[in-house]
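S.K.: give the three-dimensional model of this entry:
(one chain, ligands or ions: 1)
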Amino acid sequence: MNIQHSELILNPDGSIYHLNLRPEHIATDIIFVGDQYRVDKVTQHFDSIEFTTQKREFKTTTGTYKGKRLTVISTGIGPDNIDIVLNELDALVNIDLETRQVKETHTQLNITRIGTSGSLQADIPVNSFLLSSHGLDLNGMLQSYQVEEIANPELEQAFIKHTDWSSKKSYPLVVANGKTLEEKLLSDKVHKGITATAGGFYGPQGRVLRLGLQDAQLNAKIDSFNHNGNRITNLEMETSAIYGLSKLLGHNAASMNALIANRANGTFSENPGKVVADLIQYTLDKLVE
Ligand code: R1P
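M.R.: Numbers count the residues shown, from 1 in each chain. Model prediction:
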């Protein structure tokens, strides 16, 4: 079946609508960063650059690091942007853009997020690194898809019970990472835990400026959640969306977090730029090992 022009939108030069990319522009090993200015902070380490483009907040650069072809792309903030980036990257490798048909041979992408995040646990301090074992989807984007096969009902039900989760909010889906990338990226320098992914920065992450919260105790309940040793270690805005769509589309994903804040004890890194730079160097070297 041909995918209609209204569903798979291409620009006049044949590139995909939001990302402005054609299939030859991307590697199968991809790094996601949130901030478009972080792309150059990754690619400054590259041996060579073959391609770069930007549309809106989506900046993409492809090149090689120690001989390995890598693409770095900025996703901007939030799960809604991840929906665009992951579906469009998948279309570039798994849909023939000329015939508009799904290809018979599936290409798997390896996607590593290098992001910033706030720790929720007093014993996981600022300036440390964390790899997300799972994404806990508190934002609902994934609920538009058929997610039953990627769900973890036991953890989800334990979370709902522990937090007395409001039924007016979206279902808190838990999705695991891609194990082969975890094996590559994990070391004794890296903490590991469940990353909660909120659909906003303030209320959805329990921050109060002028608006009251639906549940003022939610962050405390998230902090104290422990199901068979599985703790929720940090809060950010992309991981569950990356894990969910990657699993559904047949890609391998891992989320690396530079912990620049600690919400449990109210501290913020004195040099967040350095912890991000260190995580970039660590992740690049692990990816080529
Ligand atoms: C919020 O300030 C942004 O920072 C975090 C959140 O996930 C959100 O995108 O990550 P990045 O620094 O990777 O964008």
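S.K.: what's near enough to touch the residue of the chain found nearest the ligand?
M.R.: Of all residues in the chain, Gly34 sits closest to the ligand, at 1.9 Å by Cβ to the nearest ligand atom. Just so you know, the C-beta spots here come from the backbone N, C-alpha and C atoms, and that holds for glycine as well. Gly34 sits next to Ser74, Thr75, Gly76, Ile77, Gly115, Thr116, Met237, Glu238 when contact means Cβ atoms under 8 Å, 6 or more residues apart in numbering.
S.K.: swap in 7 Å and give it another go.
M.R.: Listed by Cβ atoms under 7 Å, 6 or more residues apart in numbering, the contact partners of Gly34 are Ser74, Thr75, Gly76, Ile77, Gly115, Glu238.
S.K.: and for the first one, the neighbour number?
M.R.: Applying other Cβ atoms under 10 Å, we find 25 other residues in the vicinity of Ser74.
S.K.: the closest residue to it other than its chain neighbours and Leu218, how far apart?
M.R.: Of all residues not flanking Ser74 in the chain, Gln36 sits nearest, at 4.1 Å (Cβ to Cβ, 6 or more residues apart in numbering). Counting by Cβ to Cβ, to the nearest Å, the gap from Gln36 to Leu218 is 31 Å.
S.K.: not including adjacent chain positions, what is the nearest residue to Pro23?
M.R.: Nearest non-adjacent residue to Pro23 (Cβ to Cβ, 6+ apart): Leu92, at 4.8 Å.
S.K.: test my guess that the one you found contacts Glu24.
M.R.: No: the pair Leu92 / Glu24 is not scored as a contact, 9.1 Å apart, by Cβ atoms under 7 Å.
S.K.: comparing those two, which residue is more hemmed in?
M.R.: Leu92 (20 against 9).
S.K.: residue contacts, that one?
M.R.: Applying Cβ under 7 Å, 6+ apart, we find Leu92 in contact with Ile16, Leu21, Pro23, Ile26.
S.K.: the last one: neighbouring residues, count only.
M.R.: Ile26: 21 surrounding residues under other Cβ under 10 Å.
S.K.: any idea which helix or strand comes after the helix or strand containing Leu181?
M.R.: Per DSSP states H and E, Leu181 falls inside helix 179-185. Going down the chain from helix 179-185, the next helix or strand is strand 190-197, by DSSP H and E.
S.K.: helices of this structure, residue ranges please.
M.R.: For the chain, applying DSSP state H gives helices covering 38-43, 79-94, 153-163, 179-185, 218-224, 239-249, 272-288.
S.K.: export those to a markdown table and append columns for mean pLDDT and distance to the ligand.
M.R.: Shown next, in a markdown table, are the helices of the chain (pLDDT from 0 to 100; distance: least, Cβ to the nearest ligand atom, whole Å):
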| stretch | mean pLDDT | distance to the ligand |
| --- | --- | --- |
| helix 38-43 | 98 | 7 |
| helix 79-94 | 98 | 9 |
| helix 153-163 | 98 | 20 |
| helix 179-185 | 96 | 16 |
| helix 218-224 | 95 | 16 |
| helix 239-249 | 98 | 8 |
| helix 272-288 | 98 | 8 |
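S.K.: which one of these lies closest to Gln146?
M.R.: Closest approach to Gln146 among the helices of the chain is made by helix 239-249 (7.6 Å; Cβ to Cβ).
S.K.: and for that closest one, what's in contact with it?
M.R.: For helix 239-249, the surrounding residues in contact (Cβ under 7 Å, 6+ apart) are 32, 79, 82-83, 86, 90, 111, 113, 132, 135-137, 141-142, 145, 147, 150, 173, 175-178, 195, 197, 252-253, 255.
S.K.: and the angle for it with helix 79-94?
M.R.: Inter-element angle recorded for helix 239-249 and helix 79-94: 30 degrees (by axes from the mean of the first three to the mean of the last three Cα atoms, to 10 degrees).
S.K.: how far is helix 239-249 from where the chain is centred?
M.R.: Using Cα atoms, centre = their mean, to the nearest Å, the mean C-alpha position of helix 239-249 is found 8 Å from that of the whole chain.
S.K.: which one (most neighbours) among the contacts of Leu92?
M.R.: Leu21 (25 neighbours).
S.K.: contact partners for it?
M.R.: Going by Cβ under 7 Å, 6+ apart, Leu21 touches Ser15, Thr53, Thr60, Leu92.
S.K.: most neighbours among these, which one?
M.R.: Among these, the one with the most neighbours (other Cβ under 10 Å) is Thr60, at 23 neighbours.
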